[in-house]
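Visitor: curious how this folds, go ahead:
(chains A and B)
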Amino acid sequence: MKKNSNNHARLIGLAALIWLAVGGHAQASSSFNSQATISFSLGSAANAVTVASAYAPADPGYSYIFQAPGSIGEILPAPDNAIAIPALGLDAAHTFAVSGYATAGSFSSQHIGWYQLDFLNQSSQDQQVALTLSYTMQTLIQGEADSDVVIDFSDGDTLLANAFFNNSLLNVEAYDPAIAIASDKSAITYNFVLAQGEARTFYTDVTINAALQPAPVPLPAAAWSFLIGLMGLLGVKKRKSANSALA
Amino acid sequence: MRMMMKIGWIVAGCLLGLPWAVAHGPQPMPLQNVPIPHVAGTLGDVPVNFLATDGSDPIVIDKQKAIALGKALFWDVNVGSDGMACGSCHFHAGADNRVKNQINPGLKGSTATAESFERLPSSVDSGGPNYTLKASDFPTFRFNDPLNKASGVAFSTDDVVSSAGTFSGDFSGVSKFSGEQDQCARSADPIFHIDGTGTRRVEPRNAPTVVNSIFNYRNFWDGRANNIYNGSNPWGARDADAGVWVKIGSRTAAKKKLRLENAALASLAMGPALSDLEMSCRSRQWPDIGRKLLSRQPLQNQRVHHQDSVLGALSFSTQGNLKPGLNTTYKNLIMGAFNPKFWSFSSTGPFGTALDHEPYNQMEANFSMFFGIALQLYQGTLVSDQAPIDLTPRDPITHMPTWEGMGKSAAEITSLNNGLATFTNNHCNLCHSGPVLTTAAIALNSALVTETPNAFYGPDLAIPFGPDALGPDAGAYASGISPHVSVVTRNTTVGGIKLMDLGFANTGVADPVADPGLGGLDDFGNPLSYSDQYVQYLLGNYSNIKDTAVKTVRSCDFLVEIAKNVTTTNLVIFTAPNGIQPDGSRENVLRDQDCINDFALKGNIPTIAAANDALSSAPLKLGVAKTAAFKIPSLRNIELTGPYMHNGSMATLEQVIEFYARKGNNDNVDRHTLVSNIALANAPEQRADLIALLKTFTDERVRYEKAPFDHPEIKVPNGHAGDHLQVTAGHPLNAELAREDFLLIPAVGANGAQSPILPFENYLQAP
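Guide: Numbers count the residues shown, from 1 in each chain, chains lettered A, B, ... in the order given. This next block holds a predicted model:
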């Protein structure tokens, strides 16, 4: 938990630096900083129902960074995205985040994190379960940039709910009548019965998509040198923060 | 039965021009409170709800948001590759009144001059790219005596007066956030240029008004915008591979067939935005347009009126300070308007890639569907139902207009009554039928003549649905309008009795070689004509039927029967000795209800054997009138929507009426004989009264651009600096292209503009 918080703080610091470096000063720049923080909870402790929860980055084929030739910039998935957590635990918040910036060309990216919940009813009777998925979704956009944060909640075969966040608009859709959407749309609750001896697995996919395409506005030479200088600073900062994480 | 016999005689009387037959047939009726044809269909071969009011899990979850999306898209010049919006050719009463660089050399034709420009009537030195049209250029097909075809042709051309569109070019990519222009390799066009300097290309058919086009069963002049919408192109069920992407799991999306009926405007919307004559660089695909627009503000660089009837609440504008753009993005509008299963798939994967190999996402892949449906829903609001013909009091029994209490003088009322009698006596009403004034409004006309308890339309809901809904004594039937949607009829042409697509006619506007119209083919080589397909039905070649509506054509509703249950033989009609069978017997569902004609006598079709036999022995029995047949346009707002006809060859209503008075320009085998019966050449007062009547079809809200006909600002390319002899190279897009001029159409709000829009002729250069 502490580690998550540290990473989160570091990520925001990095994003702020990028923001200063490319967003705040240069005309032709784009950046985004997007994240989803989610947690799972159970409404009532059902007897002898065990729940295992885990996080893992999606298989590599599901994520990509596309960059047009000659593009200048970077897409930066948060380092923690890559760290699988075999036992996430209930009520534990986990953040999946991606940021990026561009000063020229075109970038688009897709990053996906997978959360899995395994339920098993070891009791001798059916159990009513109320599973709540809470989430916060954010995108910070600067310049010519767009980003989606998407959460899909399914039991594998069937999509149960979807939350799609873009440009301050959050759309939450329930595909099953047993899904209840919180009035402020910050959570969904799925009520189901787990039969005696039954096991059930749920999947929560978090996707962060982004597009950066700064307008091809020619910058004066002074702006370029200023920008390059700042990029250098950024590189140093990045290495430092990576080192401190290891330490 | 009595009614059917009566109608049969009326039709016969009309065909023979008998004097007692006049005054019958459908009448110009009010458009108020008529039902918009219901959109329904299937997704993945399973019934799907279209709107939330239709039931659960609809395609469109918020109709008003979809209308806002549609209006923004219709007017947004970012939709085109180089600044063309839908509205760029449909900004003037839903049509185009530009007069500069509006000539196409006749590219729809097979003539020797199809790709070359000719002079126009006004002078030897006229016509071609960047020409400014003069009043003396119209009509472009003219006779020595405009009222007498025998006087000889004084001038004709295959060149078409239409609408300037795109420079085009070879598409390579788009910008996702800013910039109007797509990335395209552009150069001077081999046809549209002046001395090697490229001009904007021009469409080969005149831009018809979009107002009331929601009622057309099919759209485009040649009907190629299919009644069935497939989500990605104009071809409906003709394209077996067409479909939309549906999210079926968090990690799976599947392409499913979409088939929505009564969605010809959505089908239409699939065309122009990819046309390299109208809006697009070549090889651009729908997902590319989605990629260009989704993250942008709608109408990014176009001012939106704060009182815009649809977009005002989304605008940044205030009184006295109109600003561009809407305070949302296209993506957000789609998220609000459409079912998430069409756009919320988070991942790329199965949707293909752009030319630069960047993968498309689901929202891009389905952008064509969002565009088509939003455009149809927006244009579905463009119903002009407050013209004098709508507002006039009507006789409580006959529902004929009285014109009283409208501030008209007795002389004016007499003129309008004469005009209406002239309209009917000359059979204008048999094509320009029903409230929309066209038989192309098949679904609406059929709905109105269907006996429906407690269903009424018109102002005060005074006119009951049923056989008399379009005119006394079941007047609708004289046009081939029946309670059942039956898309083919049979009637007489110069070349004999033929099958015809209901709502389409060849009136002899031009030489058929200049434009085959409905006689053309689709992208797969299949005929556009329903009648052609119906012949395949009669022959038993069912796999050749591409439009399902053809399978339920009802022979008992034909104006002239194709088969008759008599023992004599006939050159043009199948009879019992040839082998006939009751219509519907092939499917074991007799089409014998609500017939216009007596089913036992005329509700027959040939047997498959008889039809095949006739191919060689009696081909006249299977004749089809399709060549140079065009969609019969509505007459609503006709005062404002010139130039007229599919080729824009006439500038004034007077020229149109003179055309009909001389019984058309070109006699050809598929020309409808109703034109032959027009008797106006020697009746100047009747012609004037007829024009007075036509002007009662104008809705003042259209004239003053009031809601729903208000719109954002739009900058319309309006020819190039210079004239038709000389232009200046050096367009910012490419040095080989001509610099251009623009027409700035200001944003108007719901209350409309101060000054009215005028008939086309007012914008022409003086002779």
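
Visitor: quick one: contacts for residue B:675?
Guide: Residues in contact with residue B:675 (Cβ atoms under 8 Å, 6 or more residues apart in numbering or on different chains) are B:507, B:508, B:660, B:663, B:664. Where C-beta positions appear, they are placed from N, C-alpha and C, glycine not excepted.

Visitor: stretch A:178-196 and chain B, any residue contact?
Guide: No: judged by Cβ under 8 Å from any Cβ of the partner chain, stretch A:178-196 stays clear of chain B, getting no closer than 12.7 Å.

Visitor: quick one: residues in contact with that stretch.
Guide: Residues outside stretch A:178-196 that contact it (Cβ under 8 Å, 6+ apart) are A:43, A:46, A:49, A:119-121, A:123-136, A:153, A:160-161, A:163, A:170, A:172, A:174, A:176, A:200, A:202.

Visitor: number of nearby residues for the residue of the stretch 301-450 of chain B found nearest chain A?
Guide: Distances between the stretch 301-450 of chain B and chain A by Cβ to the nearest Cβ are smallest at residue B:346, namely 3.6 Å. Other residues lying near residue B:346 total 24 when counted by other Cβ atoms under 10 Å in any protein chain shown.

Visitor: among the contacts of stretch A:178-196, which are within reach of chain B?
Guide: Among the contacts of stretch A:178-196, chain B is touched by residue A:153 when using Cβ under 8 Å from any Cβ.

Visitor: which of the contacts of stretch A:178-196 are buried?
Guide: Neighbour-count burial (16 or more other Cβ atoms under 10 Å in any protein chain shown) is assigned, among those, to A:46, A:49, A:119-121, A:127, A:129, A:131-135, A:153, A:160-161, A:163, A:170, A:172, A:174, A:176, A:200, A:202.

Visitor: and for residue B:214, the neighbour number?
Guide: By other Cβ under 10 Å, the residues close to residue B:214 number 24.

Visitor: contacting residues for it?
Guide: Neighbours of residue B:214 in contact, by Cβ under 8 Å, 6+ apart: B:36, B:37, B:265, B:376, B:379, B:380, B:382, B:383.

Visitor: same question for residue A:85.
Guide: A:54, A:55, A:56, A:94.

Visitor: and the residues you listed, which two are the farthest apart?
Guide: A:56 and A:94 (11.0 Å; Cβ to Cβ).

Visitor: with neighbour numbers in mind, choose between those two.
Guide: residue A:94 (21 against 15).

Visitor: name the nearest residue to that one, ignoring sequence neighbours.
Guide: Excluding the flanking residues, the one nearest residue A:94 by Cβ to Cβ, 6 or more residues apart in numbering or on different chains is residue A:55, at 5.5 Å.

Visitor: who are the packing partners of the biggest strand by length in chain A?
Guide: Secondary structure assigned by DSSP state E gives strand A:127-143 as the longest strand of chain A. Using 3 or more Cβ pairs under 8 Å, 6 or more residues apart in numbering or on different chains; DSSP states H and E as the contact test, the elements touching strand A:127-143 are strand A:30-42, strand A:107-121, strand A:145-154, strand A:159-166, strand A:187-194.

Visitor: let me see the mean pLDDT of the longest one.
Guide: Taken as a whole, strand A:107-121 has an average pLDDT of 96.

Visitor: which of the residues in it are buried?
Guide: Buried residues in strand A:107-121 (16+ other Cβ under 10 Å): A:107-117, A:119-121.

Visitor: pipe those residues into JSON lines and attach distance to residue B:165 per row.
Guide: Putting the buried residues of strand A:107-121 into JSON lines (distance: Cβ to Cβ, whole Å) gives the following:
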{"residue": "A:107", "distance to residue B:165": "33"}
{"residue": "A:108", "distance to residue B:165": "30"}
{"residue": "A:109", "distance to residue B:165": "36"}
{"residue": "A:110", "distance to residue B:165": "36"}
{"residue": "A:111", "distance to residue B:165": "41"}
{"residue": "A:112", "distance to residue B:165": "42"}
{"residue": "A:113", "distance to residue B:165": "46"}
{"residue": "A:114", "distance to residue B:165": "48"}
{"residue": "A:115", "distance to residue B:165": "51"}
{"residue": "A:116", "distance to residue B:165": "53"}
{"residue": "A:117", "distance to residue B:165": "55"}
{"residue": "A:119", "distance to residue B:165": "60"}
{"residue": "A:120", "distance to residue B:165": "64"}
{"residue": "A:121", "distance to residue B:165": "66"}
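
Visitor: sheet partners, orientation included, of the longest strand of chain A?
Guide: Here strand A:127-143 is paired, per DSSP bridges, with strand A:30-42 (antiparallel), strand A:187-194 (antiparallel).

Visitor: check the ones you listed for me and report the most buried one.
Guide: strand A:30-42 (a mean of 23; mean count of other Cβ atoms under 10 Å in any protein chain shown).

Visitor: angle of it against strand A:159-166?
Guide: 150 degrees (axes from the mean of the first three to the mean of the last three Cα atoms, to 10 degrees).

Visitor: so what does the helix or strand following strand A:30-42 touch, helix or strand wise?
Guide: Next helix or strand after strand A:30-42 toward the C-terminus (DSSP states H and E): strand A:49-57. With contacts defined as 3+ Cβ pairs under 8 Å, 6+ apart, the packing partners of strand A:49-57 are strand A:30-42, strand A:107-121.

Visitor: try it again at 7 Å.
Guide: Using 3 or more Cβ pairs under 7 Å, 6 or more residues apart in numbering or on different chains; DSSP states H and E, the elements in contact with strand A:49-57 are strand A:107-121.
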